[in-house]
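Q: have a look; sequence and predicted model below, questions after that.
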Amino acid sequence: MDFNDSQRAAVEHSGGHLLVLAGAGTGKTRVITGRTIHLIRGGADPSRLLLLTFTRRAALEMKARLKLEIGPAAEEVPAGTFHHFCLARMRAMPKAFGEAGHTVIDRDDQLQIMRMVRAAHRKKGERFPQASELVQVTSFARNSNITLEQYIDRFEPFEEEIVGRVLACAADYEARKRAAGYMDFDDILFSFALKLHGDGAVRKHLQGLFDHILVDEMQDTNPLQMLILEGLRDPALLFCVGDDAQSIYAFRGADFRNVHRFTEMIPGARILRLEENYRSSQEILDLANWLLEESPLQYGRRLEAVRGHGPKPAMLDFDSDLDEAAWIVGDLMEKHDAGARWADHMIIARAGYSARATEAALIEKKIPYRYVGGTQLFQAAHVKDVLCMIRCVASILDEIAWMRYLTLWPGVGDRTAASMASELASLADPTPERVMRLLGSLCGRNPGIVEGLERVASAWNRPREAVAAACAALDERLEARYPRWDARKRDLELLVRLSARHGTIEAFLETYALDPLTSSMVARLEEEDCVTLITAHSAKGTEAPVCYLVKAEPGQYPHVRSLGDDDAIEEERRVLYVAVTRARDQLTLTRSLGRVRPGRGWGLFPDGPQGYAADGYFLTGVPAAIVETGTGGKPVPPASPGVIVPWRSR
DNA sequence: AAGCTCTGCTTTTTT
DNA sequence: AGCAGAGCTT
């Protein structure tokens, strides 16, 4: 691999902890993988390196790149998300961590528990925070390593008179979770960090495992994750890579002070900067640079294109999002007809729902696409139904799973299901036979409840068959429950196929809980050359030659929900910055006035178009020199064909 | 106690 | 438009 001077300095850095501040497109991934290879070639033991990434996808990509460069030795390098890593270590030390047997639960399950405890604390007819808000707030506090009381003092999110009951609610949530043997995402980090800092022997052991810890997307780490890094370092050296201009996860507790104060927090650490952009044309970077210059914050960042010049970004206005979608799809087809690959195109949306119109248009024109960051396959209701049935067999104590499974049956509602679940939970010596017998006596006119479970249990050691048995057992129930069953049923076939890749059911369940496979990844298994539809958040770390940024309009950037909170608005700016800097050769921003026809949904401008001056809209006043504009679905006249310098060696 | 209907809200973003 | 939660009817 070739590197420029600053990249090489980072890759070959010796002695001491290092933070690499790498702007968008400056070869961040390249540097991390380069560093890993450099260490291995220099004699480091691959299994004593640790690669921590922010998403599972990033970890997989990193591994793939490593494998390409150094072959099978790449397999020995532990790489994964913080959550993944912590959980694996905890599982490996069951004596130290009492949590070893715990079931990992996802957000849906958290909500389920919170809903149950919330009902007990809410006074009739009172406005009380939704379960989702309660989960969000407690989660944020834990990731920020502060107590809920401190959080409430600082942000005052609730009315005075309900604070006491919110706290009680949170306490109940914890108790209930513990009693059922559940561990949520935050528990994974929290328990690990607690032990790491509270138990000298454990810490010593963990510190002895690694020589180098390499961290990707450092700006998105939260205080809890920083604590984990601080606990693991020395003698292990930290090599962290990040870009504060791309910090977009503050809503989840990420704190870019972990980047700004790196040298204070990690004594002896040094900082290196990467500034040459190898990804985009200068025209695309001009827009990105302008965006940051408009900010009241000093990012002190100006991206310079190594590759040279290309066409200006285009900004096209449409009457409605349908027109917008139709135009994008038409443009895609034109490019494809002219010989471009579908895979070179990425459609970036602010939020899942804002991609819907485009997705519909893609489907209509039968353009192959994958959707990254959208609705996750495993969150689809019918998939959860099947998974919960399997969880019932896995654990007699899995209250959430039992509730969900039992209430699928006719004549069984919350009450009946709850009492059945508690009978099961209190069963002394719960052998499978006893469980089934007890259940048989409880389920009255629904013998199917037990029969299905028995079939799953008898195929337990063959994941594929077990999952297939669960699907078959529920087929009739689910068909009655969901409209458009044919379409949904296909998801279950996928589920069965996915399960075949796992050795045990437990491994299958855990993988899904921790890394919910998006339907897109499933799509990728089937379709190689396809357009990528992706949220701006998921797009971080990726790139494509041609990018469309849909609904780049007022109300989206900044998102209306962030108005009134300066920090949140600034984060929104960075989201837009991330989106813009994904494009290599060509960037098209599209927007519509969001006019709504009465009775059809709601829009940001229910009273009709109000122009583009709405509340702090970031793209108000982009200099004409920076973008080409166009309206009404008519694209701008083709921009002067810019010359893109071919990839230069880096 | 179950299950239906109505209402009102929804839409950030993800491990 | 679609869904979750609340309340009403059976």
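A: Thanks, I have it.
Q: hmm, which helix or strand of chain A has the shakiest average pLDDT?
A: helix A:519-526 (a mean of 49; mean pLDDT, DSSP states H and E).
Q: got any ranges where chain A has weak pLDDT?
A: A:99-101, A:124-126, A:373-379, A:487, A:515-527, A:593-615, A:632-650 (pLDDT under 70).
Q: could you report the neighbour count for residue A:129?
A: Residue A:129 has 20 neighbours, counted by other CB atoms under 10 Å. Just so you know, the C-beta spots here come from the backbone N, C-alpha and C atoms, and that holds for glycine as well.
Q: dump the residue contacts of residue A:133.
A: With contacts defined as CB atoms under 8 Å, 6 or more residues apart in numbering, residue A:133 has no neighbours.
Q: buried residues in the helix or strand where it lies?
A: Using DSSP states H and E, residue A:133 falls within helix A:131-143. Residues of helix A:131-143 classed as buried: A:131, A:134-143 (neighbour count, 16 or more other CB atoms under 10 Å).
Q: can you name the next helix or strand after it?
A: Using DSSP H and E, the helix or strand that directly follows helix A:131-143 along the chain is helix A:148-155.
Q: the helix or strand following that next one vs DNA strand C: in contact?
A: As assigned by DSSP H and E, the chain's next helix or strand after helix A:148-155 is helix A:160-179. No - on the criterion CB under 7 Å from any atom of the strand, helix A:160-179 is out of touch with DNA strand C, staying 13.1 Å away.
Q: name the helices or strands packed onto helix A:160-179?
A: Where contact means 3 or more CB pairs under 8 Å, 6 or more residues apart in numbering; DSSP states H and E, helix A:160-179 is packed against helix A:107-121, helix A:131-143, helix A:148-155.
Q: and that helix with helix A:131-143, angle?
A: Going by axes from the mean of the first three to the mean of the last three CA atoms, to 10 degrees, helix A:160-179 is angled at 80 degrees with respect to helix A:131-143.
Q: about what we covered before: could you dump the buried residues of helix A:131-143 into TSV with distance to residue A:222 added?
A: Formatted as TSV, these follow (distance: CB to CB, whole Å):
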residue	distance to residue A:222
A:131	22
A:134	19
A:135	16
A:136	14
A:137	15
A:138	14
A:139	10
A:140	9
A:141	11
A:142	9
A:143	4
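Q: between these, which is closest to residue A:55?
A: Minimum distance to residue A:55 across the buried residues of helix A:131-143 is 15.9 Å, recorded for residue A:143 (CB to CB).
Q: could the helices and strands packed on helix A:160-179 go into a markdown table alongside distance to residue A:202?
A: Formatted as a markdown table, the helices and strands packed on helix A:160-179 follow (distance: least, CB to CB, whole Å):
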| stretch | distance to residue A:202 |
| --- | --- |
| helix A:107-121 | 27 |
| helix A:131-143 | 20 |
| helix A:148-155 | 26 |
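Q: partners of the longest strand seen in chain A, with directions?
A: Counting by DSSP state E, the longest strand found in chain A is strand A:583-592. According to DSSP bridges, strand A:583-592 has the following sheet partners: strand A:314-318 (parallel), strand A:544-549 (parallel).
Q: tell me which of these is the most buried.
A: When you average the neighbours per residue for each of the strands paired with strand A:583-592 (mean count of other CB atoms under 10 Å), strand A:544-549 leads with a mean of 24.
Q: pull the CA atoms of it into PDB?
A: What follows is strand A:544-549, C-alpha atoms only, in PDB (Å, rounded to 0.1, in the frame of the first residue of the first chain):
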ATOM      1  CA  ALA A 544     -20.000   6.000  -4.100                       C
ATOM      2  CA  PRO A 545     -19.100   7.600  -7.500                       C
ATOM      3  CA  VAL A 546     -22.600   9.100  -7.900                       C
ATOM      4  CA  CYS A 547     -24.700  10.200  -4.900                       C
ATOM      5  CA  TYR A 548     -28.200  11.600  -4.700                       C
ATOM      6  CA  LEU A 549     -29.200  13.400  -1.500                       C
END
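Q: centre of the chain versus it, how much separation?
A: The chain centre lies 21 Å from the centre of strand A:544-549; the measure is CA atoms, centre = their mean, to the nearest Å.
Q: make CSV from the strands paired with strand A:583-592 and add distance to DNA strand B to it.
A: Converted to CSV, these look like this (distance: least, CB to the nearest atom of the strand, whole Å):
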stretch, distance to DNA strand B
strand A:314-318, 18
strand A:544-549, 14
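Q: specify the local secondary structure of the nearest residue to residue A:471 once chain neighbours are set aside.
A: What sits nearest to residue A:471 in space, not counting adjacent residues and going by CB to CB, 6 or more residues apart in numbering, is residue A:492, at 4.6 Å. When classified by DSSP: H, G, I helix; E, B strand; the rest coil, residue A:492 comes out as helix.
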